[in-house]
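**Q** Build me a model:
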Amino acid sequence: MVKVKTMKPMGDSILVSPSHWRAFHITRRRLIMAGMFGACATLLATACGRHETSIHPQSTEPDRIRFISWSQPRVEQANFFVAQEFGYFREQGIEFEYRPGQGSGDALKQLLAGNGDVAFVGPEAIFFAADQGGDPIAIYNIYPQSLFVIMAWPDAGIQQPAHLRGKTIGVLSQASGSRYNVLTLLALSGLKETDVTLITTGSNPAPFLERKLDAWSTIATTAMELQRQTSQQFDLLFIRDYLNLPTDVLATTREIYTQRPDMLLRFLRAVRQGTVYMIEHPTEAAEVAVRHAMDIKDPVVAERIIRVFAEASQSETTRTLGLGAFDFSVLQDGARLYLETGLVKTPIAVERYFTNDLVARL
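**A** Next comes the predicted model:
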């Protein structure tokens with residue numbers, strides 16, 4: 001509704017001749033008609049403009065996010081596949097491109113080399129990159145609970161980290177979270193990498209099951225499924241019992257974080273929406289995941305794994321600050337351990353390399 005403000009008549013009278021009055025009256029009428037026509041034209045143009053915009057919205061190209069994972073597509077990454085399949089990325093103006101990597105360190109290296117926009121990595125990779133002069137920044141704590149575990153044959157005698165001395169241990173790659181978490185346990189026991197033998201196995205459990213290894217560093221869900229399939233009980237060292245660093249975080253470059261925060265916010269909104277769906281609907285999320293993942297195609301098995309990762313997506317901190325939030329005290333404990341044990345040579349200022357700024361704005 002347009003409000004029209006009327007002018008009050010002036011208090012003083014003006015005497016004019018009839019001819020002057022006629023001219024004044026005609027001029028006044030023309031001015032009023034012109035004003036009315038102008039107002040109508042303005043209203044019509046505004047209305048037409050709104051109508052035209054509603055029919056022909058201004059189209060913009062979506063922002064492409066090159067997402068570098070530490071692995072090939074896996075079922076526990078259901079939150080990303082849900083966001084992709086259900087259109088959460090599209091609704092946020094994001095084109096999601098999944099690029100597989102070969103370990104956490106490899107994914108971060110690719111990011112810093114300019115081959116991606118966001119990397120799916122462990123916090124240990126951030127520590128090492130910062131120590132070597134890299135400048136990544138972690139923007140979302142996707143799995144705040146550690147799910148890494150070292151599984152060992154019972155006769156290997158590995159019931160605590162100190163028992164790893166002299167053992168042969170399989171890791172995903174030499175630039176992976178599975179290796180970094182072995183280093184963490186060794187450091188906590190006063191041991192070094194040279195006190196063990198690390199063998200690269202990829203995600204293939206065969207070398208371990210064939211007894212070519214004493215132990216294998218992997219994800220808890222993988223250990224769970226191997227025990228179920230083989231009916232064999234293995235000794236398990238859960239990393240969270242010693243240092244509960246996040247399993248994975250989402251990291252980007254300092255340049256992208258500074259110059260494209262809006263794009264990152266929209267990407268994270270879609271990821272969070274997919275994570276909420278995975279938490280609340282694990283059965284349906286499993287059905288989506290098996291269509292994308294390369295490791296597991298059985299929805300029943302996939303659901304078991306997704307339920308574990310859905311739980312790992314939450315913590316006391318995320319229940320207070322929201323999904324994706326970092327607990328800086330935990331990160332500082334990890335950075336201090338890495339410095340004190342010589343895993344890194346320089347102090348890591350976690351407030352520089354990890355931030356809750358974007359999470360607070362979701």
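
**Q** in the stretch 1-150 of the chain, which spans are helices?
**A** Along the stretch 1-150 of the chain, counting by DSSP state H, counting those that start in this stretch, helices occupy 18-55, 78-85, 88-91, 104-112, 123-131.

**Q** Return the member of the ones you listed having the minimum mean pLDDT.
**A** Confidence, taken as mean pLDDT, is least for helix 18-55 of the helices of the stretch 1-150 of the chain (a mean of 38).

**Q** Just want the most central residue of the chain.
**A** With distances taken as Cα atoms, centre = their mean, the chain has Leu250 as the residue nearest its mean C-alpha position (4.3 Å).

**Q** Assumed that residue was part of a helix.
**A** No. Using DSSP: H, G, I helix; E, B strand; the rest coil, the assignment for Leu250 is strand, not a helix.

**Q** Please, where are all the strands along this structure?
**A** For the chain, the strands defined by DSSP state E cover 63-68, 94-99, 118-121, 136-143, 148-152, 168-171, 197-200, 215-219, 235-238, 248-253.

**Q** between those, which gets nearest to Ser313?
**A** strand 136-143 (5.9 Å; Cβ to Cβ). From N, CA and C alone the C-beta is placed, and that goes for glycine too.

**Q** In this structure Tyr143 contacts Leu245, no?
**A** No. Judged on Cβ atoms under 8 Å, Tyr143 makes no contact with Leu245 at a distance of 10.2 Å.

**Q** Identify, out of the strands of the chain, the most deeply packed stretch.
**A** strand 118-121 (a mean of 28; mean count of other Cβ atoms under 10 Å).

**Q** pLDDT on it, on average?
**A** On average, strand 118-121 scores 98.

**Q** show me where pLDDT drops low in the chain?
**A** Low-confidence segments of the chain (pLDDT under 70): 1-59.

**Q** Tell me how it divides into domains.
**A** 65-144+246-360, 148-241 (automatic domain parsing).

**Q** Show me which of those domains has the highest average neighbour count.
**A** Comparing these by mean count of other Cβ under 10 Å gives domain 65-144+246-360 as most buried, with a mean of 20.

**Q** Confirm for me that Val196 is in contact with Ala162.
**A** No. If you go by Cβ under 8 Å, Val196 and Ala162 don't touch, sitting 11.5 Å apart.

**Q** need the contact list for the residue nearest to Ala83 when sequence neighbours are not counted.
**A** Nearest residue to Ala83 in three dimensions, chain neighbours excluded: Gly274, at 3.3 Å (Cβ to Cβ, 6 or more residues apart in numbering). Contacts here follow Cβ atoms under 8 Å, 6 or more residues apart in numbering; on that basis Gly274 touches 78-84, 86, 88.

**Q** what do you get for Val149?
**A** Applying Cβ under 8 Å, 6+ apart, the residues near Val149 are 217-220, 223, 236-239.
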